[in-house]
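Student: fold the stuff below for me.
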Amino acid sequence: MSILVTGGAGFIGSHTVVELLAAGKEVVIADNFINSKPVVLDRIRQISGKDFKFYNVDLCDKTALEVVFASEKIDSAIHFAGLKAVGESVSIPLRYYQNNLISTLNLCELMAKYNCKNIVFSSSATVYGKPASVPIKEDFPNSATNPYGETKLMIEHILKDLYRADSEWNTAILRYFNPIGAHESGLIGEDPSGIPNNLMPYITQVSIGKRECLSVYGNDYATHDGTGVRDYIHVVDLAKAHLAALNWLSNKPGLDIFNIGTGHGYSVLDIVKAYEKATGKKINYKIAPRRPGDIDECYADPTKAREVLGWEAKLGIDEMCRDAARWQEKNPNGYDA
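Tutor: As a prediction, the model looks like this:
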């Protein structure tokens, strides 16, 4: 039996596929390369020394997606596929709602039809909105401040309702915090199109001279150095959390929600300094005005994932910076040769 990985050529998806293959799992990837590149598939094979099935399919095309289920013996799915840029979601909300929700509905309908009722869903800490306190626990109130976050929250509701209607479903909802870093080989990593939305790829592009200067948005937050604090997690640790969640699903546990973070908050300037230490390169930065909607600090309480899934983050900020730097130096233009 195989594991279907939707969005398996993306940043988190590709690292998760590597971990699944290393654990001896049979993998089927469904991806349409909206946020990824075909060369990623060859890089995964190069790292793992193993092969997998691949389908170039848009999950919004239910007929095309059904070909995957009809052709393969799938017993569980890890659902990464979706549009993911917060700022873009504010500009084109209908596209985000249409893509992220319809793709998930199609996936769940076909999983039910083919009696494949085990799913790990890629959710996000954005569903906590502006938390009243930190660290954030899974039972904190939910709200979203942008259409991207709303789609994550809506999908969580869909999966909960599905479980209430049919208790044969086994569902792990993983709320990620801030994944950074890259595989230690330097063969796969984060490859944003255009100007990076996330901190680490911006830093790595400044470090190789691709961008002149990092803008640090706000230095008057109520944090130890005035810059925003987030829970940065190595993408390989995050990938391994999916393997732990799949193993948990095999016990038919029903539905549960897990924070996937380190439990440690690092500020923007902490990351800049750690990167400089890891690489010996100076990162030029300037202080810019706060961005609307940004919060002072956000980090996880990952206790539940440790106690229930037997998972915890192992890699620290030095490894995150080192591996991100290696990826960027080996691939100055990302996956574009």
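
Student: rest of the way, CA atoms for contacts and neighbours
Tutor: Fine.

Student: find me the pLDDT at residue 337, would you?
Tutor: At residue 337, the pLDDT value in this model is 68.

Student: one more: residue 3?
Tutor: With respect to pLDDT, residue 3 scores 98.

Student: doesn't it belong to a strand?
Tutor: Yes: with DSSP: H, G, I helix; E, B strand; the rest coil as the criterion, residue 3 is assigned to a strand.

Student: if I look at it, how far off is residue 299?
Tutor: Computed as Cα to Cα, to the nearest Å, the residue 3 to residue 299 distance reads 30 Å.

Student: any idea which helix or strand in this protein has the lowest mean pLDDT?
Tutor: Lowest mean confidence among the helices and strands of the chain (mean pLDDT, DSSP states H and E): helix 86-91, at a mean of 88.

Student: give the other helices and strands that that one contacts.
Tutor: Applying 3 or more Cα pairs under 8 Å, 6 or more residues apart in numbering; DSSP states H and E, we find helix 86-91 packed against helix 147-165.

Student: pull out the buried positions in the helix it packs on.
Tutor: Applying a neighbour-count criterion of 16 or more other Cα atoms under 10 Å, one finds 147-156, 158-160, 162-163 buried in helix 147-165.

Student: swap in stretch 8-24?
Tutor: For stretch 8-24, the neighbour count (16+ other Cα under 10 Å) marks 8-21 as buried.

Student: equivalent analysis for stretch 227-239, please.
Tutor: By neighbour count, and taking 16+ other Cα under 10 Å as the criterion, the buried residues in stretch 227-239 are 227-239.

Student: in helices only, show me those residues.
Tutor: When these are checked against helices using DSSP state H, the ones located there are 235-239.

Student: separation between residue 291 and residue 218?
Tutor: The separation that residue 291 has from residue 218, given Cα to Cα, amounts to 8 Å.

Student: and the contacts of the least confident helix or strand of the chain?
Tutor: Surrounding helix 86-91, the residues in contact under the criterion Cα atoms under 8 Å, 6 or more residues apart in numbering are 95-96, 146-149.

Student: residue 172 contacts residue 245, correct?
Tutor: Yes: Residue 172 lies in contact with residue 245 (Cα atoms under 8 Å); the separation is 6.4 Å.

Student: now do the buried residues in stretch 160-180.
Tutor: Along stretch 160-180, the positions that meet the burial threshold by neighbour count (16+ other Cα under 10 Å) are 160, 162-163, 168-180.

Student: and stretch 307-322, by the same measure?
Tutor: By neighbour count, with 16+ other Cα under 10 Å as the criterion, the buried positions of stretch 307-322 are 309, 311-313, 317-322.

Student: residue 142: which of the residues you listed is nearest?
Tutor: For residue 142, the closest of the buried residues of stretch 307-322 turns out to be residue 309, at 22.5 Å, with distances computed as Cα to Cα.

Student: wait, what's in contact with that closest one?
Tutor: 244-245, 248.

Student: what about the helices in the stretch 201-337 of the chain?
Tutor: For the stretch 201-337 of the chain, applying DSSP state H, counting those that start in this stretch gives helices covering 235-249, 268-279, 303-304, 317-330.

Student: outside of the second one itself, list whatever touches it.
Tutor: Surrounding helix 268-279, the residues in contact under the criterion Cα under 8 Å, 6+ apart are 199, 203, 216, 225, 227-229, 281-283, 317-318, 321-322, 325.
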